[in-house]
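Student: sequence plus the predicted model coming up.
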Amino acid sequence: MGLPEPVMSFCYAASELVPGTRRTPWGFVTVDPRFPSIWDANNATVLEPSPDLRAEDIDAVLTPELRRAGASHHHVEIWETSVESPALRAMRRRGGRTRPDVVMMSERIVDAEPGAVEVREVDPDEDFWPWVRASLNEFGTEHSNEVLDQLEGRTRTVFIPAGLRWFVGFVEGDRAGYTSLLSLRGVGYLDNVVTMPQFRGRGVASATVGRAIRASHASGNHALFLLTEEDNPARRLYERLGFRVRAKVESFTRPMSDEDRVD
């Protein structure tokens, strides 16, 4: 399965939110010195079918940019995996592969079952951010305060000005979880589907995702997608809500070495 065109269009549009992104024949390299510890703010992204692409071709563009940004990690995302390249094979051998993601696209609107979850679209205020920061450790990774600061800063300065929207689920008046939606070039992307631990199993994700789907459709988006780990049980939830797998993404991450940091 090749990468769907709307997803490719969204990725290119998202890359343009950061000044200095370098387009390449196979995709782009983007770095942001404000957020050196965030992997996907400083990385190479392969979007185009590139059967002859080598790992050295990517590194030649990426590594000098990572040095300039003071990035902590060397990170490559290959979104177009339907055409195997020497680069993809080499990176699999090199190691640092994270669990693959799948691209799931919305194919129909499915109404969530009515329940006890009230969903509101909210504008973040200063009371909202500490709660969001706490939620960012709910993805199986314990982030340091430095990384949390950068994640929050990137959301505030890059994505909210680009139109990021938040749909928060409330249970008995308490914030229980959320889904965020970013729309670029008529394509919506659902990110950060989070349910806080004490509210799991109560339909929070179904309610917030369902609301975000309807909001994307109402805004005029012609396509909507999300990413989830290939083996994530949440995949079944997304399928019930009308999403289908359309592509696979492989990512490779390793700490920047002394050799990387020196010309």
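Tutor: Perfect, thanks for sending it.

Student: poorly predicted segments of this structure, please.
Tutor: The model of the chain has pLDDT under 70 over residues 111-114, 139-140, 258-259, 261-263.

Student: got the contact list for residue 41?
Tutor: 18, 30, 31, 32, 35, 150, 154 (Cβ atoms under 8 Å, 6 or more residues apart in numbering). C-beta here means a position set from N, CA and C on the backbone, and glycine is covered the same way.

Student: now it: how far from residue 13?
Tutor: Look at residue 41 and residue 13: by Cβ to Cβ, to the nearest Å, they are 16 Å apart.

Student: checking residue 60 next. Helix, strand or coil?
Tutor: The three-state label given to residue 60 by DSSP: H, G, I helix; E, B strand; the rest coil is helix.

Student: start the count at 4, not 1, going forward
Tutor: Fine by me, first position is 4 from now on; the one you just mentioned is residue 63.

Student: tally of neighbours for it?
Tutor: Neighbour count for residue 63, taken as other Cβ atoms under 10 Å: 11.

Student: and what of residue 159?
Tutor: 13.

Student: ditto for residue 24
Tutor: By the criterion of other Cβ under 10 Å, residue 24 has 17 neighbours.

Student: again, but for residue 195
Tutor: Count around residue 195 with other Cβ under 10 Å applied: 19.

Student: what about it, helix or strand, and which?
Tutor: Here residue 195, judged by DSSP states H and E, is contained in strand 190-198.

Student: what residues sit buried inside that strand?
Tutor: Buried residues in strand 190-198, counted by 16 or more other Cβ atoms under 10 Å: 190, 191, 192, 193, 195, 196, 197, 198.

Student: can I get the residues you listed in a markdown table including distance to residue 236?
Tutor: Below are the buried residues of strand 190-198 laid out as a markdown table (distance: Cβ to Cβ, whole Å):
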| residue | distance to residue 236 |
| --- | --- |
| 190 | 26 |
| 191 | 23 |
| 192 | 21 |
| 193 | 17 |
| 195 | 17 |
| 196 | 12 |
| 197 | 15 |
| 198 | 13 |
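
Student: for residue 121, see how far away the closest residue to residue 120 other than its chain neighbours is.
Tutor: Among residues not flanking residue 120 along the chain, residue 210 sits closest, at 3.9 Å (Cβ to Cβ, 6 or more residues apart in numbering). Noted for residue 210: a distance of 8 Å to residue 121, by Cβ to Cβ.

Student: okay, the two: which has more neighbours?
Tutor: Neighbours around residue 210 and residue 121, counted as other Cβ under 10 Å, are more numerous at residue 210. The numbers are 26 against 14.

Student: packing partners of the one helix or strand that one maps to?
Tutor: Following DSSP H and E, one finds residue 210 within helix 207-221. If you count contacts as 3 or more Cβ pairs under 8 Å, 6 or more residues apart in numbering; DSSP states H and E, helix 207-221 packs onto strand 120-125, strand 168-174, strand 177-187, strand 190-198, strand 226-232, helix 237-243.
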